[in-house]
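> With the sequence up front, the predicted model follows.
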Amino acid sequence: MSILIGVGVVTTVTVVYLGKKCWQALHKAVGITPGMLTYQDYDAPLSLSKLSWQQLNLHKKHLQSLSEQQLRQLKRIDEKVNHYQRYQKALQAQHKMLELTEAQFVLHKLLHTRLPEMLASHYHLANVNINAHNVSNDKKAEASALLQQVFNNIEQRLDNLLAQMDTQQLQDLRVMKNYINSHDS
C-alpha cells in the first residue's frame with residue numbers, strides 16, 4: 001500500500017513539474033513572459049517622465065511646451081526613424097551598402113541637428129520669455145505653427161524614404177523571381 005502511495009506522489013509531482021515546464025516553454029515559444037503582461041493605453045496622455053526615445057536625442061526640458069498632438073507626432077517620427085535604422089543595419093549585416101542619397105543626408109541633418117535646435121528655440125520663446133512678458137501670443141502661435149510644419153515635413157520625408165525602401169525590397173524580390181524563372185527552362 002505504501003508503495004502505491006509513493007508511486008502516486010511521485011507521479012503527481014512529476015506531472016505538476018512537467019506541466020509547469022511545458023507551460024513556461026509554451027510562453028517562451030510565443031514570446032511572452034508569464035505575469036509580465038501590461039496593458040498599454042495608446043490614447044492616454046503622454047508623460048514626459050516616462051517618454052523614452054529609440055533614436056532621437058531630445059532634451060525633455062525642451063518638450064515641456066509641446067502639445068499632446070506634437071508629442072505623439074514626435075513619438076511616431078521616432079518609431080519611423082527606428083524602423084529605418086533597423087533596415088539600414090539589416091543591409092549592413094548583408095554586406096549591402098547603399099550610397100547616401102541627398103534625401104537621407106537632409107533627413108539626418110533635420111533629425112539630429114535642426115530639430116533639437118528648433119525645439120530649444122521654441123522652448124525659449126514659449127517658456128523663458130514668459131517671465132519677461134516679451135513675447136506676444138501671436139509670436140507664440142506662429143512659433144507653434146512653424147514647429148508643426150517642421151514636424152510634418154520630417155514625417156513626410158520619413159514616409160517617402162520608407163516607401164522607397166519598401167519599393168526597393170519589392171523590386172529585389174521581382175528580380176530574384178525573374179532570375180529563378182529564367183533558369184527553370
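Nice, I can see it.

> Tell me, how many residues neighbour R86?
Neighbours of R86 under the rule other C-beta atoms under 10 Å: 12. Backbone N, C-alpha and C define where each C-beta goes, glycine included.

> now L125
L125, neighbours per other C-beta under 10 Å, totals 19.

> Hmm, A141 and it touching each other?
No. Using C-beta atoms under 8 Å, L125 is not in contact with A141, being 10.8 Å away.

> What helix or strand is the residue nearest the centre of the chain located in?
Central residue of the chain (C-alpha atoms, centre = their mean): E79, 2.5 Å from the mean position. Taking DSSP states H and E as the criterion, the element that holds E79 is helix 68-93.

> Quick check: next helix or strand after that helix?
helix 102-109.

> export that following helix as PDB, just CAs?
The C-alpha coordinates for helix 102-109 follow below in PDB (Å, rounded to 0.1, in the frame of the first residue of the first chain):
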ATOM      1  CA  GLU A 102      20.700  63.700 -50.700                       C
ATOM      2  CA  ALA A 103      17.300  62.900 -49.100                       C
ATOM      3  CA  GLN A 104      18.800  60.700 -46.500                       C
ATOM      4  CA  PHE A 105      21.500  63.300 -45.700                       C
ATOM      5  CA  VAL A 106      18.900  66.100 -45.400                       C
ATOM      6  CA  LEU A 107      16.700  64.000 -43.200                       C
ATOM      7  CA  HIS A 108      19.700  63.100 -41.000                       C
ATOM      8  CA  LYS A 109      20.600  66.700 -40.600                       C
END
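
> Which residues does it contact?
Contacts to helix 102-109, defined as C-beta atoms under 8 Å, 6 or more residues apart in numbering, come from residues 154, 157-158, 160-161.

> and if we set it to 7 Å?
Helix 102-109 is contacted by residues 157-158, 161 when judged by C-beta atoms under 7 Å, 6 or more residues apart in numbering.

> List the buried residues of stretch 106-125.
Using 16 or more other C-beta atoms under 10 Å as the test for burial, stretch 106-125 gives 107, 110-111, 115, 118-119, 122-123, 125.
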